[in-house]
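S.K.: Attaching a predicted model along with its sequence, questions to come.
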Amino acid sequence: MKRHAFSQLDAMRWAVLISGTGSNLQAVLDLGAAARVVLVVSSKSSAVGLKRAKRAGIPTLVLDKQIDWTDLTVQLKARGVQAIALCGFMRIVPPEFLTHWEGAIINIHPSLLPAYPGLNSLQRAFDDHAPIGATIHEVIEGVDEGPALIQKAVPRQTTIQQTEFKLHLVEHQILREVIQRWKPAPMSS
Ligand code: GRF
């Protein structure tokens, strides 16, 4: 098994996968040298996050048709990517992709997993008067499954919009924490 070697002194080389606004991407970009984003991949050509990447001078890749996951792995490895962050990426990552990246891929999810996996998590938790929060977890096969790295609750606000605003701030905060301290497992080639 081939291992990726990298110096502890260097910031890890991240790819961030998005589909939309990219406020979490921005939180990572705002870390500057502490996080080295070498590629932003979007499943939508209209994603606002692409503009953020371009503004920061980060190369982008738009995969808005059927994704060739094998080719994506080739492209990520060609850029020396060591870890992947799914930040609102609206595609299910298939097992063949995880064969290469499991242990080096994280996802941010707007609920206190394992509660409310899948879509519309905040809306469902809010409607149920259930605890609200965000989770960053390692990605394994299965929707929003995998060991949690960090979770943080968000106090319920009067409206869902106010709650969502606070939730995003918490997402950005815990994502920055993980990006700065988490070390991925060695990867297979
Ligand atoms: C976040 O709420 C994240 O939890 C969810 O998708 C949203 C992405 O937001 N998975 P943004 O594009 O980072 O602003």
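M.R.: Ah, there it is.

S.K.: Tell me how far the residue of the chain found nearest the ligand lies from R181.
M.R.: Scanning the chain for the residue nearest the ligand gives G88, at 2.6 Å (criterion: Cβ to the nearest ligand atom). Quick note: C-beta positions are derived from backbone N, CA and C, even for glycine. Taking Cβ to Cβ, to the nearest Å as the measure, G88 falls 22 Å from R181.

S.K.: May I have the residues that are in contact with the residue of the chain closest to the ligand?
M.R.: G88 makes contact with 18-22, 24, 49, 108 under the criterion Cβ atoms under 8 Å, 6 or more residues apart in numbering.

S.K.: Buried ones among the residues you listed?
M.R.: Listed as buried from those are 18-20, 22, 24, 49, 108; burial here means 16 or more other Cβ atoms under 10 Å.

S.K.: and those residues as CSV, adding pLDDT?
M.R.: What follows is those, written out as CSV (pLDDT from 0 to 100):
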residue, pLDDT
I18, 98
S19, 98
G20, 97
G22, 98
N24, 98
G49, 98
I108, 98
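
S.K.: pLDDT weak spots in this protein?
M.R.: Filtered on pLDDT under 70, the chain yields the residue ranges 1-10, 186-189.

S.K.: at 90 what do you get?
M.R.: Counting by pLDDT under 90, the chain has low-confidence residues at 1-11, 33-35, 183-189.

S.K.: Break down it into its strands, ranges please.
M.R.: 13-18, 36-42, 60-62, 83-86, 105-109, 132-138, 148-154 (DSSP state E).

S.K.: Run the chain-centre distance for the fifth one.
M.R.: The chain centre lies 4 Å from the centre of strand 105-109; the measure is Cα atoms, centre = their mean, to the nearest Å.

S.K.: okay, the angle between that strand and strand 132-138?
M.R.: Orientation check (axes from the mean of the first three to the mean of the last three Cα atoms, to 10 degrees): strand 105-109 against strand 132-138 gives 170 degrees.

S.K.: In the sheet, which strands lie alongside strand 105-109, parallel or antiparallel?
M.R.: Looking at strand 105-109 with DSSP bridges, its partner strands are strand 83-86 (parallel), strand 132-138 (antiparallel).
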